[in-house]
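Engineer: return atomic coordinates for the entry below.
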Amino acid sequence: MPTWLSPRARIALIGDAAHPFLPTSVQGASQAMEDGATLAVCLELAAKRKDGVQTALRAYERIRYDRVLAAQKTGETTRDRWHKADFANIKKNPEAVKLRREKWLLDFDAERHAYEVYEKTVREVEEEKERARL
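Structural biologist: Residues are numbered from 1 along each chain as shown. As a prediction, this is how the structure comes out:
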């Protein structure tokens, strides 16, 4: 989906509602948990702002979007490897169909990352809103 937010950024989708995963991704639940952690940080940090919820939701989407897209691609790669399997090769090398466990997916702290990038992300979102007004 091109956006996970309602037009006025008052509602956000998370998890499979926002970004469904292929079963071969083996990432749907973990990415939903990362969404929740990121959204919680964004809401906490935006709480003192007049437009806090909208700011938090826009930051959440921006922080998460590219990572989720990359995680979704791992499912496509696995699907293609499994569905186009060379069974003669698999008999010789059973590791060829083994599910890859990507370090960048497994060793990630979504909460820490959200704290680290939140302020920069909000500045980017605000600059884009200002350019759109001009």
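
Engineer: quick one: contacts for the residue nearest to Leu105 when sequence neighbours are not counted?
Structural biologist: Excluding the flanking residues, the one nearest Leu105 by Cβ to Cβ, 6 or more residues apart in numbering is Ala71, at 6.1 Å. (Each C-beta comes from the backbone N, C-alpha and C, glycine too.) For Ala71, the residues meeting the contact criterion (Cβ atoms under 8 Å, 6 or more residues apart in numbering) are Phe21, Ser25, Gln27, Gln31, Leu105.

Engineer: and for Glu119?
Structural biologist: With contact set as Cβ under 8 Å, 6+ apart, Glu119 has these partners: Leu45.

Engineer: in a strand, it, correct?
Structural biologist: No - using DSSP: H, G, I helix; E, B strand; the rest coil, the secondary structure at Glu119 is helix, not a strand.

Engineer: now it: how far from Thr55?
Structural biologist: From Glu119 across to Thr55, the span is 11 Å (Cβ to Cβ, to the nearest Å).

Engineer: for Thr78, give me its contacts.
Structural biologist: For Thr78, the residues meeting the contact criterion (Cβ under 8 Å, 6+ apart) are Leu22, Thr24, Ser25, Val26, Leu99, Arg100.

Engineer: what helix or strand does it sit in?
Structural biologist: In this assignment (DSSP states H and E), Thr78 forms part of helix 52-83.

Engineer: ok, then the element right after that helix?
Structural biologist: Proceeding N to C from helix 52-83, the next assigned helix or strand is helix 87-92, under DSSP H and E.

Engineer: quick revisit: the contacts of Thr78 in helices, which ones?
Structural biologist: Using DSSP state H, no member of the contacts of Thr78 falls in helices.

Engineer: returning to what we had before: can you put the contacts of Ala71 in JSON lines and add distance to Tyr60?
Structural biologist: Conversion of the contacts of Ala71 to JSON lines gives the following (distance: Cβ to Cβ, whole Å):
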{"residue": "Phe21", "distance to Tyr60": "18"}
{"residue": "Ser25", "distance to Tyr60": "21"}
{"residue": "Gln27", "distance to Tyr60": "18"}
{"residue": "Gln31", "distance to Tyr60": "13"}
{"residue": "Leu105", "distance to Tyr60": "19"}
